[in-house]
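**Student:** structure, please.
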Amino acid sequence: MKNKLLVLLTVFMLTTYQNNAQDLLKVAVVGLSHDHAHEIMNAYRENRVKLLGIAESDKNLIARYTKDYQVPDTLFYPDTETMLKKVSPDVVMAYNPINEHLAVAEICLPMKIPLMVEKPLATTLADAQKMATLARENNTHLLTNFETTWYPSVQRMKALVGESDFGKTTKMIAKDGHEGPKEIGCSKEFLAWLTDPVKNGGGAVMDFGCYGANLMTWLQNGKRPIAVTAVTKQMKPEVYPKVDDDATITLEYVDAIGIIEASWNWSYSIKSFEVYGTTSSYYAPNGKTLVKNKTPVETEKIALPQEYYKNHIAYLEAVLSGKIKPENDLSSLSNNLIVVEILEAAKKSAETGKRIEL
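**Tutor:** Purely as a prediction, here's the structure:
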């Protein structure tokens, strides 16, 4: 009897494991030079996704990720095209230089393979528009991943700003950045293109300016600003000789203003967001805290939501199953086209010293 029970239990556990494996999101990865790739590799190690393949040609990166995450050699391919001839993923996730996103889209989208890239969507508006055309022509998802999307503080803020006691949004302030990518220990492969004006499209203006542009576009329900003004600086030219390391961007809306402070020169890491209305304001100093301010000293801590997509994997599963539609959410194509338009205008404004109308 005991043997029979043991057999039944073993069969049950094996069946459950196989069903769970079948239900896992099937992912293919393009590039490992973006340090955010550790997020998806941790998900692979924790058996939260099924990794079908990795397109990467850098032998040092391959050796490092193989060692750190016990990735079998059979999962590595020299390029995206070769990989996608062999595997059929639910989604491709790109962790390569920003100016190479278009090339990945040109392979994936005609094959009807959904694509999620790390922020921002592209280095130029022309590239972003080409990618958008491919996505629409092939009716295939093209999404962008931001760390701040999965902050419960900003998710709750968006809901509360829509309530009547907040009033009309008048001002938004985003502060994003850290001491600098070199200073915080980013990998040499990441630094090589993050500090390249072509591969990254700029320095801090791109790396951290995109967060505020993304959140403000979302909070404005997909409206484009009417004008953009920006100032960029090289505070540490000896460290970052080719790109800016500090940017202040002002977004003008018909009845609101947005201020983005993006820098590799903060004395600490920061990703905060403030929104002011005619009757009150909300401040999210980080992903886990949201405060309502009526006066500078009168504050109320706000409970955060329990039900929301806590990471890009859960979100992708919901999108690909048809549970949600990415219309003007933070990962959506419509939002991120505007983000790239804002960033391009910011760079032009900083170069010319002029206010750029969109």
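
**Student:** find the nearest non-adjacent residue to E81, please.
**Tutor:** I107 (5.7 Å; Cβ to Cβ, 6 or more residues apart in numbering). Every C-beta, even on glycine, is put in place using the N, C-alpha and C of the backbone.

**Student:** any idea how far the nearest residue to V228 once chain neighbours are set aside lies from Y211?
**Tutor:** Taking Cβ to Cβ, 6+ apart as the measure, V228 lies nearest to A345, with 3.9 Å between them; neighbours along the chain are not counted. Applying Cβ to Cβ, to the nearest Å, the value for A345 to Y211 is 16 Å.

**Student:** which SSE is T170 in?
**Tutor:** strand 169-177 (DSSP states H and E).

**Student:** and that strand, which strands flank it?
**Tutor:** strand 257-263 (parallel), strand 270-277 (antiparallel) (DSSP bridges).

**Student:** model confidence score at the closest residue to S269 other than its chain neighbours, please.
**Tutor:** The shortest distance from S269 to any residue other than its chain neighbours is 4.1 Å, reached at H178 (Cβ to Cβ, 6+ apart). Per-residue confidence for H178 comes out at a pLDDT of 98.

**Student:** quick check, H178 in contact with A262.
**Tutor:** No. Between H178 and A262 there is no contact, the gap being 10.6 Å when judged by Cβ atoms under 8 Å.

**Student:** report how many residues lie close to A247.
**Tutor:** Taking other Cβ atoms under 10 Å as the criterion, the count of residues near A247 is 29.

**Student:** which ones are touching N60?
**Tutor:** E189 (Cβ atoms under 8 Å, 6 or more residues apart in numbering).

**Student:** ok, I302 - how many residues close by?
**Tutor:** Other residues within reach of I302, judged by other Cβ under 10 Å, total 17.

**Student:** ugh, wrong one, N96
**Tutor:** Using other Cβ under 10 Å, N96 has 23 neighbouring residues.

**Student:** what's the answer for the one 3 residues further on, then?
**Tutor:** Here the number of neighbours of N99 (other Cβ under 10 Å) works out to 18.

**Student:** go on, the one 5 residues further on?
**Tutor:** V104 has 21 neighbouring residues, counting by other Cβ under 10 Å.

**Student:** and it, what helix or strand is that in?
**Tutor:** Applying DSSP H and E as the criterion places V104 in helix 101-108.

**Student:** about what we covered before: more crowded one of H178 and A262?
**Tutor:** For H178 versus A262, neighbours defined as other Cβ under 10 Å are more numerous around A262 (32 against 20).

**Student:** tell me the contacts of the nearest residue to that one once chain neighbours are set aside?
**Tutor:** Computed as Cβ to Cβ, 6+ apart, the closest residue to A262 that is not its neighbour in sequence is F208, at 3.6 Å. If a contact means Cβ under 8 Å, 6+ apart, then F208 has 176-177, 247, 262-264 as its contacts.

**Student:** I'd like those residues as TSV, with distance to D23 appended.
**Tutor:** As requested, the contacts of F208 are arranged in TSV below (distance: Cβ to Cβ, whole Å):
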residue	distance to D23
D176	35
G177	38
A247	43
A262	39
S263	42
W264	41
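
**Student:** poorly predicted segments of this protein, please.
**Tutor:** Segments of the chain classed as low confidence (criterion: pLDDT under 70) are 1-22, 294-299, 306-307.

**Student:** what ranges does it have for its helices?
**Tutor:** Under the criterion DSSP state H, the chain contains helices at 2-23, 37-45, 59-69, 80-86, 101-108, 125-137, 152-161, 188-194, 204-207, 209-219, 312-320, 333-352.

**Student:** what's in contact with the fourth one?
**Tutor:** To tie it back to what came earlier, the one meant is helix 80-86. Defining contact as Cβ under 8 Å, 6+ apart, one finds that helix 80-86 is touched by 28, 30, 53-55, 77, 92, 103-104, 107-108, 111, 113.

**Student:** in CSV: those, plus distance to I356.
**Tutor:** Rendered in CSV, the data for the contacts of helix 80-86 read as follows (distance: Cβ to Cβ, whole Å):
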residue, distance to I356
A28, 38
V30, 32
G53, 42
I54, 39
A55, 37
Y77, 42
V92, 33
A103, 28
V104, 29
I107, 33
C108, 32
M111, 37
I113, 35
